[in-house]
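Asker: Sharing a sequence plus its predicted fold:
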Amino acid sequence: MENSSNSKNSNDQKTEFKRFATKRIIVCTLLAVVGIWLFGAVLGFFEKPSQVRVAHKTDSPVEEVPSAGKAKSGISHEPSEKQGSEAAEGSGAVEGSEAAEGHEAAESPETTEGSETTEEPKATDKKRHYDKDTVGGIMTPDFIALDKALTAQEAVEHLREKHHDIKQPVHLFVVDEHGKPLGTVSMEQLMFAASDAALEDVMAGDVMSVKTGLSNEKVKNLMDRHHLQTVPVIDTTNKLVGIIKADQVIHMAQKETAKTAIHAPAHREPAEPVTHAPEPAPKAATEKPEHPLPSPHEKTAVPGHAPPPTHGLAEVAETKPRPKGVAFVEATIKPLSYELNERFYGWRVNDIIDFTDNVNNFQLGVLEVTRRTAVVLTQRISRTGTTASFDRNLERAMNWFMIKSDRYWFPSPESKYKAGLDELRKYKEKLEKGEAKFHTRPDNLIPLLMAYEDLLGSCEENLVKGKEDDGSSVSFFKADDYFFYAQGVASSMHEILEAVLEDFLITVESRRGAEVLHHAIISCHHAAEIDPLLITNSSLSGILANHRANLAAPMSHARFYINVLIKTLST
């Protein structure tokens, strides 16, 4: 009896010890994860791209379609001196010059950048705090910002009272009570919105902003990559203090180019000896010249003199624009080419031993976007109608991309996918020579957008569903697969949509859809940038994250904006 009691006590002690050890292991594991994350954060492993910040709306996506597209290149609003001084009087709005003060000063400016005064403008005083090679050094404080709590009617009344002389379309920034930019709203949106609608419900919630310390070169690359005409500038407290315009960045780049040319050593040819020939006898005035006189538009060189010096300034040669379609084909090639040729260990989907299923599913997502793009390019964009013949290079590329991705050989998918990319490169060469067609009408673009919308809807369904088709719960491994497949789709689609904005710009802007397309690009970029250390499939109400649901949000936004763009182009 005593032995059985001792045995029972021993079993209880072992059970208690196992529970205690399990708890300790869990706690130590969580502490280790937190420690690794903190260590990585200190070293900068988990930081976003250098000082580029994206402000989002806290509620659902905007359901109203913006009635005005993005402002065209070269169209900007420069407030007058009156605007800069009177703006601080508005109770519900924050003017650009006032917002530029930040935490550094409390005085409201009385002059703007272009005004003439004997005293140095206060905007210049602000810029002296920043390096001239940074955004803060070249930004302008001339902008209009409205508080998010204002209604559409109040905002319109304020604009009529304080900014009645605005003659060109301009985007207004919506800020919170701390001056933090939340989004943008156009004047046409305000005019057609419900009078009692709050600005935070009407605004477009995806706006990219840059910090004052960002270098001019980086902001130029950012604006070129996303085709931005105006970018808000924020200080260290995330307060809107100014804006940077595309023409400012271009002007600074030209100044740097000229400066480099001035300091570059001039190449001088050795002087040739000057010989004086005897002057010919004067001819009769009625005698015709031996050679015809040059045209008034022709420049003639003075005999015996070298061309006039350029004083070190570089001559700006006119760059010939790329033919339509070149950017689109290059963007179609780039994602799959990286996976085949530059990714470590190359194409992994058909590996016999599957060690890296995350990369495998990412590559499948890239492949699916490439396939759908090649089909639309072959059947719709490169043809004038359904009766026109297919381009032979595109037809071969489309067929090669349809080879099953998990085949090992006979034929191997890698070789055929590379052959398909080579056919696309040949088609691009024909575009550059003017030997191939690339049509940019709305009816050419809409099928591509419909294919993308359908693919995004499939990804979104896999990211939000809780049950599989057979009724079982989505396992951890399947959640992992769905996540990386969707990321491959978003990454590749982001690349191609940027090329669409370049090659189809006239078509999209003519239907006022440039801003909508820009939001779709930004949403795909957000989806591609989500990079957790470990994919978790927790409950939506759980402590741990549900990364599928996190990724579903920007994917849903991209699908929404593409759907809006389809409707916009169809009208």
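Answerer: That came through, no problem. Keep in mind the model is a prediction, meaning the values are calculated, not measured. Residues are numbered from 1 along each chain as shown.
Asker: State the three-state secondary structure for A145.
Answerer: strand (DSSP: H, G, I helix; E, B strand; the rest coil).
Asker: scratch that, T378
Answerer: helix.
Asker: count of residues packed around it?
Answerer: 20 (other Cβ atoms under 10 Å). Any C-beta I mention is one placed from the backbone N, CA and C, and that applies to glycine too.
Asker: residues contacting it?
Answerer: 390-391, 394-395, 397-398 (Cβ atoms under 8 Å, 6 or more residues apart in numbering).
Asker: Return the distance of T236 relative to T212.
Answerer: 8 Å (Cβ to Cβ, to the nearest Å).
Asker: Those two: who's more crowded?
Answerer: T212 (23 against 11).
Asker: I'd assumed T134 was in contact with the more buried one.
Answerer: Yes. Using Cβ atoms under 8 Å, T212 is in contact with T134, at 6.5 Å.
Asker: if we can go back for a sec, out of the contacts of T378, the closest to L421 would be?
Answerer: Closest approach to L421 among these (Cβ to Cβ): A397, at 7.4 Å.
Asker: Find the nearest non-adjacent residue to the closest one, please.
Answerer: With Cβ to Cβ, 6 or more residues apart in numbering as the measure, E423 is the residue that lies nearest to A397, at 3.8 Å, once sequence neighbours are left out.
Asker: Could you verify my assumption that that neighbour touches F401?
Answerer: No. Between E423 and F401 there is no contact under Cβ under 8 Å: 9.6 Å.
Asker: Of these two, which one has the most company?
Answerer: Taking other Cβ under 10 Å, E423 and F401 do not tie; F401 has more neighbours (25 against 22).
Asker: quick one: terminal-to-terminal distance for stretch 214-234?
Answerer: Using Cα to Cα, to the nearest Å, the span of stretch 214-234 from its first residue to its last is 10 Å.
Asker: Report the mean per-residue pLDDT for it.
Answerer: Across stretch 214-234, pLDDT averages out at 80.
Asker: So for Q153, what's the pLDDT?
Answerer: Confidence for Q153, expressed as pLDDT, is 84.
Asker: Hmm, I typed the wrong one, I wanted W347.
Answerer: pLDDT, W347: 90.
Asker: for S195, helix, strand, or coil?
Answerer: Once three-state DSSP is applied, S195 turns out coil.
Asker: thinking it is in contact with T151, fair?
Answerer: Yes. At 6.6 Å, S195 and T151 qualify as touching, with contact defined as Cβ under 8 Å.
Asker: neighbour count winner among the two?
Answerer: Neighbour tally, S195 and T151, criterion other Cβ under 10 Å: the higher count belongs to T151, 19 against 10.
Asker: Nearest residue to that one in space, please, no chain neighbours.
Answerer: Using Cβ to Cβ, 6+ apart, the closest residue to T151 is D196 (5.4 Å).
Asker: For that neighbour, which residues are in contact?
Answerer: 151-153.
Asker: What separation is there between it and K334?
Answerer: On the measure of Cβ to Cβ, D196 and K334 end up 47 Å apart.
Asker: show me where pLDDT drops low in the chain?
Answerer: Applying pLDDT under 70 to the chain flags the ranges 1-14, 37, 39-129, 164-171, 205-206, 256-320.
Asker: can you list the domains in it?
Answerer: Listed domain ranges for the chain are 54-254, 326-570 (source: automatic domain parsing).
Asker: Pipe those into JSON lines and attach distance to I36 per row.
Answerer: Shown next, in JSON lines, are these (distance: least, Cβ to Cβ, whole Å):
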{"stretch": "domain 54-254", "distance to I36": "26"}
{"stretch": "domain 326-570", "distance to I36": "8"}
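Asker: Among those, which comes closest to R19?
Answerer: Between the domains of the chain, domain 326-570 lies closest to R19; by Cβ to Cβ that is 20.4 Å.
Asker: okay, how far is it across the closest one, tip to tip?
Answerer: First-to-last residue span, domain 326-570, Cα to Cα: 25 Å.
Asker: Just give me the neighbour total for F143.
Answerer: F143: 27 neighbours (other Cβ under 10 Å).
Asker: shouldn't it be in contact with G242?
Answerer: Yes. If you go by Cβ under 8 Å, F143 and G242 touch, sitting 6.9 Å apart.
Asker: now the closest residue to I234 other than its chain neighbours, what's its secondary structure?
Answerer: Leaving aside its sequence neighbours, I234 sits nearest to S209 (Cβ to Cβ, 6+ apart; 5.0 Å). The three-state label given to S209 by three-state DSSP is strand.
Asker: partner residues bridging S209?
Answerer: R53 (DSSP bridges).
Asker: Renumber starting at 12 from here on
Answerer: OK, 12 is where the count begins now, so the last one is S220.
Asker: Count the neighbours of it for me.
Answerer: S220 has 21 nearby residues by other Cβ under 10 Å.
Asker: and the gap between it and L193?
Answerer: 10 Å.
Asker: can you check V380 too?
Answerer: Distance from V380 to L193, by Cβ to Cβ: 31 Å.
Asker: ok, now K229?
Answerer: 23 Å.
Asker: Same question for A209.
Answerer: 11 Å.
Asker: Give the intersection of the neighbour lists for these two.
Answerer: Common neighbours of A209 and L193 (Cβ under 8 Å, 6+ apart) are K159.
Asker: Which one of these two is surrounded by more residues?
Answerer: For the pair A209 and L193, the greater number of neighbours falls to L193 (22 against 18), based on other Cβ under 10 Å.
Asker: In three-state terms, how would the more buried one be classified?
Answerer: L193 ends up strand, using three-state DSSP.
Asker: And for the closest residue to S550 other than its chain neighbours, the neighbour number?
Answerer: Nearest non-adjacent residue to S550, counting by Cβ to Cβ, 6+ apart: N557, 7.0 Å away. If you count neighbours by other Cβ under 10 Å, N557 ends up with 19.
Asker: cool, and Y356?
Answerer: 9.
Asker: and it, helix, strand or coil?
Answerer: coil.
Asker: distance of it from D362?
Answerer: 8 Å.
Asker: quick one: the strands in the protein?
Answerer: Ranges of strands in the chain, per DSSP state E, are 63-66, 104-106, 155-158, 182-186, 192-197, 218-222, 241-245, 251-256.
Asker: can you list those in TSV and add distance to L442?
Answerer: Below are these laid out as TSV (distance: least, Cβ to Cβ, whole Å):
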stretch	distance to L442
strand 63-66	33
strand 104-106	48
strand 155-158	42
strand 182-186	34
strand 192-197	35
strand 218-222	31
strand 241-245	32
strand 251-256	32
